[in-house]
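Q: output the structure for:
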Amino acid sequence: MARLISHRPAPPAADPGIAEEFVAFNLVGQSEKFLNLLARIKKIAQCDAPVLLEGQTGTGKELAARAIHYLSDRRDFPFIPINCGALPDSLIENELFGHAKGAYTDAGQAQTGVVEQAQGGTLFLDEVDALTQKAQVTLLRFLQDQRYRPLGERVLKEADVRIIAVSNRPLEELVTQGLFRQDLLFRLNVLNASLPPLRERGDDAVILAREFMRRLRIRYDQPDKILHPSTLRWIRRYDWPGNVRELENFIHREFLLSEGRYLYAQPPDPARRERRRARPDRRRQVSFDLGFADAKGEVITNFEKTYLCWLMEECGGNVTLAAMRAGKERRAIGKLLKKHGIDKKKYHRAG
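A: Model (predicted):
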């Protein structure tokens, strides 16, 4: 058996021409890993079964999901995304299945859930790894037979949707840690694909940078700009922890700020990654066991911390500029920074 396995033929290399088919979906690259991913996406699109896409943040998982949808027989029906990380337990059934008029206080009219909105098409579950245990049970029950009951109604409805779930973390590891249900993983992981980080995609970073510049030239009606050789060198060397999204944001900013024909750019500040890691987790769940006032206060505190960290990073620690951007008095921003223990000096840019 071992000899048979060791002599198993390697899968054929993907046709480089397949890349042209995916440019319309904003999936751009020529590396072997990326071309193999595109070939897998194309094959998955033809199989009407649940799909699990895994990969680091910023690798293009939603773009891949949309490509699967629009290459499938469901292309003429809706693609409905829902962010699982923003779904509290108290709203999960209402968001998924909707409610009838009068189902609860303030339900003055009926509302359809995302399952019904996606009928015939695709329901895209973003950040499925952020679902609570209760929400996982609700989703699992629906996936067993795609039948559901809107809140306040007595009759079961049957759905016809394809599920594409996305996770920033390996779900198998979460199962081992007791954070994700194994039976739900089995339901979601019928077909799967893993999106490689940008640092593993060879020269794709340069190809993407040039593609982003081409789009920006059209968008802002600007003359052509060229990446300076020194900029090309560090783009190839940099590990891009934020992947394609980080590269796109970086090129966007430098394209608008650069003067002349060449785009000269310095590598991102190494401390920027540490500041990003120090930000409060935007997917953090609210403690619903608290009273209303305490829960509301927790949400506001988390928002203020996250917003201030982002604001300081964008403004290089300049409080005056931050106040102008936020539309608040400088003194008010200063008080908020002090309240949350945020040191503006950590965000000052060298030079």
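
Q: got any ranges where the stretch 1-150 of the chain has weak pLDDT?
A: For the stretch 1-150 of the chain, applying pLDDT under 70 flags the ranges 1-14, 102-108.

Q: if we go to 90?
A: For the stretch 1-150 of the chain, the stretches flagged by pLDDT under 90 are 1-17, 85-95, 98-113, 148-150.

Q: the stretch 251-351 of the chain now?
A: The model of the stretch 251-351 of the chain has pLDDT under 90 over residues 253-332, 334-335, 338-341, 343-351.

Q: which stretches in it count as strands?
A: For the stretch 251-351 of the chain, the strands defined by DSSP state E, counting those that start in this stretch cover 262-263.

Q: also the chain?
A: Taking DSSP state E as the test, the strands found in the chain are 51-54, 79-83, 98-99, 111-112, 122-126, 147-148, 157-158, 162-167, 191-194, 226-227, 262-263.

Q: is A64 in contact with L27, as I believe?
A: Yes: A64 lies in contact with L27 (C-beta atoms under 8 Å); the separation is 6.8 Å. From N, CA and C alone the C-beta is placed, and that goes for glycine too.

Q: give me the more crowded residue out of these two.
A: Neighbours per residue, other C-beta atoms under 10 Å: of A64 and L27, the larger number sits with A64, 25 against 20.

Q: hang on, the earlier thing: to V137, which of the strands of the chain lies closest?
A: With C-beta to C-beta as the criterion, V137 lies closest to strand 147-148 of the strands of the chain, at 13.4 Å.

Q: can you give the strand pairings for the closest one, parallel or anti for each?
A: If you go by DSSP bridges, strand 147-148 pairs up with strand 157-158 (antiparallel).

Q: and E259, how many neighbours?
A: Neighbours around E259, by other C-beta under 10 Å: 8.

Q: how about K328?
A: Residues lying near K328 (other C-beta under 10 Å) number 14.

Q: got phi/psi on it?
A: phi -130, psi 170 (degrees, to the nearest 10).

Q: quick one: it and G334, what's the gap?
A: Distance from K328 to G334, counting by C-beta to C-beta, to the nearest Å: 10 Å.

Q: helices of the stretch 1-150 of the chain, residue ranges please.
A: For the stretch 1-150 of the chain, the helices defined by DSSP state H, counting those that start in this stretch occupy 2-6, 18-22, 32-45, 61-70, 92-97, 114-117, 133-145.

Q: columns mean neighbour count and distance to L179 on top of the strands of the chain, output as TSV?
A: Output for the strands of the chain, formatted as TSV (neighbours: other C-beta atoms under 10 Å; distance: least, C-beta to C-beta, whole Å):
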stretch	mean neighbour count	distance to L179
strand 51-54	24	15
strand 79-83	18	18
strand 98-99	22	28
strand 111-112	14	31
strand 122-126	24	16
strand 147-148	16	25
strand 157-158	12	31
strand 162-167	25	11
strand 191-194	17	19
strand 226-227	16	42
strand 262-263	16	43
